[in-house]
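# Next comes the sequence, and after it the predicted model I'd like to discuss.
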Amino acid sequence: MGMALIAGPMKSVAVSMPCALPRTDAHHSLGLDTWNASYPRPDGTLDAALLFLSFPDATPMATPEELAADHFPATTDFFRRASYGKFRLRPHVVRRWIEMPAVSRAYRIRRDWDSGLRTAYMRDAVAAADRFVDFGRYDLVYLIADPDAPGVDSDATKVVNFEEPIAVDGTRLRRLVTVFEQSPPDRHVLAHETGHVFDLPDLYKRPSGEGADWDTRVGDWDLMGSQFGLAPEPFGWHKWKLGWLGAAGVRCVPEGLGTTLHTLRTLTAPPGPGARLAVLRTGRHEAIAIEARDRTGNDRELCRSGVLLYRVRGDIASTGGPVEVLDGHPRSAACAGTSAHPPLADAPLGVGESLVVADAALRVEVTGRSAAGDWDVKITRG
């Protein structure tokens, strides 16, 4: 499968469900009634080219194989677990350094990069690599820079989308993952950036002040918030959007007033029948999602198990706050020193605990837990 993707909408698994929010023009919208087909969908196997870039002003201190091992198989394993085995990211390592035409400092690499220099860097990289790789064979391309070159800034790692795709090898490159990480890299950094390739938004809030907290909206929950979080498993909403949770895994809570009872499997439990996500539609572009989290799989280091609530907005762009975790214990914190944001580390509800969401006329109570680890939840509207 190549990267020549068809632009435009595509039907989603959620299109007929009443609690599915509509996709909007917001960047990385969390509306999921249709799929934006300009992005590859993580279903089945996608092939990724790992290209390693050196510069005339530095001799690499590591081999491509050593740097590839910083990210794989860990990134493949993360997505295999998160997708319940539905998605495999298959890396293909180009086992040589590909020299760029300019020295590393010439590109002035940094987080808030001059767009012209950034475009020049990527076009130079594609041109230099073209003799060694057939870009038409791959669904994703990672450009991994020599981390020891003097002009490389690890904070510049990101996915770059092109307004005008690069035509090469009979295909059109719409986006590239540019990697500038030191070795060893930041935790889950490549999984986070790959999430953007699949149209997932940044959930952090970029602060204005030096030393301010980036993680006040979702804390440890979901690696699209903090790649350092203790609970990096993608939210159930993200799994629904990506097609890893189908209709059988989602319960739409009825709109009318009254009480309903739900049993939720832990989000990281092995594949099997049963709902993992309950959703209450609260507006045209907003909903409240409810899921259970436990110390298994990608969440094996999480701080506090329980039932987690969060708001979702389909009309808010990446970094603008499309998801906000609702704190079940607003007057306490947990896991100081290891949590990305301790005030939200203990956000989930335990058995016998409840949370009232006043502006949604909602009360959620955890009434029990089965021997199999499923969580019993009572939801009252009105």
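Everything's here; your move.

# Could you chop the chain up by domain?
40-197, 236-381 (automatic domain parsing).

# which SSE is Phe162 in?
strand 158-168 (DSSP states H and E).

# Give me the buried positions along stretch 163-181.
For stretch 163-181, the buried set under the neighbour-count rule, 16 or more other Cβ atoms under 10 Å, comprises 165-166, 168-169, 171-181. Heads up, the C-betas are built off the backbone N, CA and C, glycines and all.

# just stretch 355-370 next, same as before
Neighbour-count burial for stretch 355-370, counted by 16+ other Cβ under 10 Å, picks out 355, 360, 362-366, 369.

# Now do the strands in the stretch 201-350 of the chain.
250-252, 258-264, 277-281, 286-293, 306-313, 323-326 (DSSP state E, counting those that start in this stretch).

# As JSON lines, those strands with mean pLDDT would be great.
Formatted as JSON lines, these follow (pLDDT from 0 to 100):
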{"stretch": "strand 250-252", "mean pLDDT": "97"}
{"stretch": "strand 258-264", "mean pLDDT": "97"}
{"stretch": "strand 277-281", "mean pLDDT": "97"}
{"stretch": "strand 286-293", "mean pLDDT": "98"}
{"stretch": "strand 306-313", "mean pLDDT": "98"}
{"stretch": "strand 323-326", "mean pLDDT": "98"}
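
# Just put those strands in a markdown table and tack on distance to Gly136 and mean neighbour count.
A markdown table is the format used below for the strands of the stretch 201-350 of the chain (distance: least, Cβ to Cβ, whole Å; neighbours: other Cβ atoms under 10 Å):
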| stretch | distance to Gly136 | mean neighbour count |
| --- | --- | --- |
| strand 250-252 | 36 | 21 |
| strand 258-264 | 43 | 15 |
| strand 277-281 | 37 | 23 |
| strand 286-293 | 39 | 24 |
| strand 306-313 | 37 | 23 |
| strand 323-326 | 36 | 21 |
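
# Minimum distance to Arg217: which of the domains of the chain has it?
domain 236-381 (5.2 Å; Cβ to Cβ).

# gap between the two ends of the closest one?
End-to-end distance of domain 236-381 (Cα to Cα, to the nearest Å): 21 Å.

# Residue numbering should commence at 805 henceforth.
New numbering, starting at 805: the last item is domain 1040-1185.

# Downstream of the lowest-mean-pLDDT helix or strand in the chain, the next helix or strand is which one?
None of the helices or strands of the chain scores lower by mean pLDDT, DSSP states H and E than strand 813-815, at a mean of 56. Counting by DSSP H and E, the next helix or strand C-terminal to strand 813-815 is strand 838-840.

# Can you identify the element that follows the helix of greatest length in the chain toward the C-terminus?
When the chain is parsed with DSSP state H, its longest helix is helix 919-933. Sequence order places strand 944-949 as the next helix or strand after helix 919-933, per DSSP H and E.

# Which strands or helices does that next one pack on?
Judged by 3 or more Cβ pairs under 8 Å, 6 or more residues apart in numbering; DSSP states H and E, strand 944-949 is in contact with strand 848-858, helix 868-872, strand 975-983, helix 993-1001.

# Under the pLDDT cut-off, which ranges of the stretch 905-1054 of the chain? List them.
The stretch 905-1054 of the chain contains residues with pLDDT under 70 at 1012-1016.
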